[in-house]
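[1] Quick one, structure for this:
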Amino acid sequence: TVLTVAGLHGLMHALGLQYNPLNIMALPIVVGYAVDNAVHVVHRFLAERGDVAATLAGAGSSILMTSATTIVSFGALAFTEHRGLASFAIALTLGVFLALILSVIVLPPVLKRLAPMLLLATSVVAASERRMPLPISPIVVSKPAISRPIDCTTSSECVSRSPSSSARISSEIRSSPLSL
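    Predicted structure coming up:
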């Protein structure tokens, strides 16, 4: 994420693009995109127990497709006549491209280097979760405080009704002038 933002800043500077109020709004989107890509790669890496090839085959292809569609859509917006929207689209396109490159090319070797530590930490957490008993609270079912039927036409605390009072209320509703 930090590398994506730093790379975007450097790339924009190299291309002579200045920050303006519209393309500044691209930065949080690029940060979110980079975080999402990194989370997907790391999660898949841990699920594959450190296998980089399987990680890239699973999460890498998904990241590639989502990034490609985003790059194409914002790249098309870069050709608008509105200079603010065009700079916003250019910043987003560059940021998503950098997030793609960093998450698919740079992050996997870093994860491979850190694999022993990451996999050990994951297995320790998983083992401690298996040993800890879950806090289970008993479900308490209590009986209603009132066990006699209540006439719902006169009481606001209607808990239960006898069959005869229910039938009487239903017949009153049907005979009401407001009923259809």
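[2] just the helices in the protein please.
    Along the chain, the segments classed as helices by DSSP state H run 2-14, 21-24, 26-47, 52-55, 61-77, 83-101, 107-131, 163-175.
[3] mean confidence score for the fifth one?
    When the per-residue pLDDT values of helix 61-77 are averaged, the result is 91.
[4] now, of the helices of the chain, which is deepest in the fold?
    Mean neighbour count (mean count of other Cβ atoms under 10 Å) peaks for helix 83-101 among the helices of the chain, with a mean of 21. Backbone N, C-alpha and C define where each C-beta goes, glycine included.
[5] how far off helix 2-14 does that one point, in degrees?
    On the basis of axes from the mean of the first three to the mean of the last three Cα atoms, to 10 degrees, helix 83-101 is oriented at 140 degrees to helix 2-14.
[6] ok and helix 83-101 relative to helix 61-77, angle-wise?
    Using the same axes, to 10 degrees: helix 83-101 against helix 61-77 is 160 degrees.
[7] List the contacts of helix 83-101.
    The contact list for helix 83-101, computed with Cβ atoms under 8 Å, 6 or more residues apart in numbering, reads 3-5, 7-8, 11-12, 17, 20-23, 25-27, 29-30, 33-34, 37, 63-64, 67, 70-71, 74-80.
[8] what do you get for stretch 106-115?
    So stretch 106-115 is contacted by L3, A38, V41, V42, F45, G50, V52, T55, L56, L118 (Cβ under 8 Å, 6+ apart).
[9] And the furthest pair within these?
    By the measure Cβ to Cβ, L3 and G50 form the most distant pair in the contacts of stretch 106-115, at 21.9 Å.
[10] circling back to that earlier point, compare the helices of the chain and say which comes out lowest on pLDDT.
    helix 163-175 (a mean of 54).
[11] V96 versus L8, what's the distance?
    In this view, L8 and V96 are 10 Å apart by Cβ to Cβ, to the nearest Å.
[12] Need the overlap of contacts for those two.
    In contact with both L8 and V96: V30, using Cβ under 8 Å, 6+ apart.
[13] which residues touch R44?
    Per Cβ under 8 Å, 6+ apart, neighbours of R44: A54, T55, G58, A59.
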